[in-house]
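*Asks:* This is a predicted model, with the sequence first.
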Amino acid sequence: MTAPVAEKPLFHVPSTAHVTAGLHHLGEAERAELVERIKRLLRERDAVLVAHYYVDDSLQRLADETGGCVADSLEMARFGKDHPASTLVVAGVRFMGETAKILSPEKRVLMPTLEAECSLDLGCPADEFAKFRAQHPDHTVVVYSNTSVDVKAQADYVVTSSIAVPLVEHLRDQGKKILWAPDKHLGDYIRRTTGADMVLWDGSCVVHDEFRSWALEDLRSRHPDAAVLVHPESPREVIHQADVVGSTSQLIAAVKDRDEPEFIVATDKGIFYKMREAAPDKTLIEAPTGGESATCTSCAHCPWMAMNDLVSLANTLEDTAEPATNKIFIDEDARLKALTATQRMLDFAAEHRKATAGDA
């Protein structure tokens, strides 16, 4: 049952061309000089770079080379919390910077640009979500990590896609009814997998919502030996064709561990960098979206993730103003509430790992 309380919020989706306009004109020597400057600035600012799997290859490579981290949003935040650096530079989208600040309030959290948003976050405003919650007061509130700190502050649990199914199973076994937000496709997948009693917020990711089942069927017919890897933010008809449904880290592991020589991948194509690193002998094929033309909203790459580049990263690190232009600020009361919901998930995940290790 999908039961939004208002019309779906409208927001502007930027063009991916916004991105690399500043990088394409750089020669190899200029690019190499820019990378060295960023490395020097990271050392001088006592900063560590944490990057999401979906940002540009150059940023993922730079994070690896400088002792940073390339991961999903929660692991990025956990890495930043445990790292001794006093400044965290988060290459991703705004909610990821906020998540880092939730777990590391004492640290300075910067981003290459604060304009990098997320359609799931933008599509679930905190005030409208509060009205939705009020309609279902007897439900346990579980929200996806792709939400603002103000939405997380209203939740009982914050989850990532890798832990959402077992956590909802746990709540189902306790007789709980679930209010889920914001991704309706992920929520539908969890509900079908667990059989839990769930109401879903009407949100979707501009990347994963673009994958087309009919086009995937055609692509599979031309690559019959390929395994299909799908992120559960994708539409149900796409998920039904998957050999593996999982989070970003789970899909990377599947490419490494499975025997198929080819993989059709239905998630943001930024993940290909780590997939190729994990399995350089495998062939990776982009799952088809709405089209490789002006009619395609995302073409399998988040336009906000694409706003992160070497130039914007260097500019952020060069900025000595206080407060810095691209510094993350969050309300302390909201942070503490969001931390409680996030910590519940972390505690559950730790117990779940112990239990599943014991079963192995």
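*Replies:* All right, it came through fine.
*Asks:* out of all of them, which helix in the chain is the longest?
*Replies:* Longest helix of the chain, by residue count under DSSP state H: helix 332-359.
*Asks:* ok, and for that helix, which residues are buried?
*Replies:* 334-335, 337-339, 341-342, 344-345, 348-349 (16 or more other CB atoms under 10 Å). For the C-beta atoms, the positions are set from N, CA and C on the backbone; glycine is no exception.
*Asks:* Does anything pack onto that helix? Which helices or strands?
*Replies:* helix 94-103, helix 149-152, strand 157-159, helix 164-173 (3 or more CB pairs under 8 Å, 6 or more residues apart in numbering; DSSP states H and E).
*Asks:* Would you format the buried residues of helix 332-359 as a markdown table with distance to Asp72 and pLDDT included?
*Replies:* Shown next, in a markdown table, are the buried residues of helix 332-359 (distance: CB to CB, whole Å; pLDDT from 0 to 100):
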| residue | distance to Asp72 | pLDDT |
| --- | --- | --- |
| Ala334 | 22 | 98 |
| Arg335 | 21 | 98 |
| Lys337 | 22 | 98 |
| Ala338 | 17 | 98 |
| Leu339 | 18 | 98 |
| Ala341 | 17 | 97 |
| Thr342 | 14 | 95 |
| Arg344 | 18 | 95 |
| Met345 | 13 | 92 |
| Phe348 | 17 | 94 |
| Ala349 | 12 | 90 |
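*Asks:* Show me the shaky parts of this structure.
*Replies:* Along the chain, the parts satisfying pLDDT under 70 run over 1-12, 15-25, 291-298, 359-360.
*Asks:* go again using 80 as the cut-off
*Replies:* 1-26, 290-299, 358-360 (pLDDT under 80).
*Asks:* quick check: domain ranges of it?
*Replies:* Per automatic domain parsing, the structural domains of the chain span 17-117+305-329, 120-206+335-359, 208-286.
*Asks:* Tabulate the ones you listed (a markdown table), appending distance to Cys299.
*Replies:* Below are the domains of the chain laid out as a markdown table (distance: least, CB to CB, whole Å):
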| stretch | distance to Cys299 |
| --- | --- |
| domain 17-117+305-329 | 10 |
| domain 120-206+335-359 | 10 |
| domain 208-286 | 7 |
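*Asks:* quick one: the strands in the stretch 101-250 of the chain?
*Replies:* 108-110, 140-144, 157-159, 178-181, 198-200, 227-230, 244-245 (DSSP state E, counting those that start in this stretch).
*Asks:* Please convert those to CSV, extending it with mean neighbour count and distance to Asn308.
*Replies:* Shown next, in CSV, are the strands of the stretch 101-250 of the chain (neighbours: other CB atoms under 10 Å; distance: least, CB to CB, whole Å):
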stretch, mean neighbour count, distance to Asn308
strand 108-110, 24, 12
strand 140-144, 24, 21
strand 157-159, 25, 23
strand 178-181, 26, 25
strand 198-200, 21, 30
strand 227-230, 24, 24
strand 244-245, 20, 27
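*Asks:* Let's have the ones you listed in JSON lines, adding distance to Met305.
*Replies:* Below are those laid out as JSON lines (distance: least, CB to CB, whole Å):
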{"stretch": "strand 108-110", "distance to Met305": "17"}
{"stretch": "strand 140-144", "distance to Met305": "17"}
{"stretch": "strand 157-159", "distance to Met305": "20"}
{"stretch": "strand 178-181", "distance to Met305": "21"}
{"stretch": "strand 198-200", "distance to Met305": "25"}
{"stretch": "strand 227-230", "distance to Met305": "19"}
{"stretch": "strand 244-245", "distance to Met305": "22"}
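*Asks:* nearest to Pro166, of those?
*Replies:* strand 157-159 (9.6 Å; CB to CB).
*Asks:* Look up the closest residue to Phe129, ignoring the ones flanking it.
*Replies:* Excluding the flanking residues, the one nearest Phe129 by CB to CB, 6 or more residues apart in numbering is Val151, at 5.3 Å.
*Asks:* how many other residues sit next to the one you found?
*Replies:* By other CB atoms under 10 Å, the residues close to Val151 number 30.
*Asks:* And for Phe129?
*Replies:* Using other CB under 10 Å, Phe129 has 25 other residues around it.
*Asks:* got it, and Leu42?
*Replies:* Leu42, neighbours per other CB under 10 Å, totals 22.
*Asks:* ok, and the closest non-adjacent residue to it?
*Replies:* Residue nearest to Leu42 in three dimensions, not counting chain neighbours: Thr66, with 5.6 Å by CB to CB, 6+ apart.
*Asks:* the strands in the stretch 251-360 of the chain, which residues?
*Replies:* 262-266, 283-286.
*Asks:* and these as CSV, adding distance to Ala357 and mean neighbour count?
*Replies:* CSV is the format used below for the strands of the stretch 251-360 of the chain (distance: least, CB to CB, whole Å; neighbours: other CB atoms under 10 Å):
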stretch, distance to Ala357, mean neighbour count
strand 262-266, 28, 23
strand 283-286, 31, 16
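*Asks:* Redo those strands as CSV? Include distance to Glu233.
*Replies:* Compiled in CSV, those are given as follows (distance: least, CB to CB, whole Å):
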stretch, distance to Glu233
strand 262-266, 9
strand 283-286, 16
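*Asks:* Figure out which of those strands is closest to Ile252.
*Replies:* Short answer: strand 262-266, nearest of those by CB to CB, at 9.9 Å.
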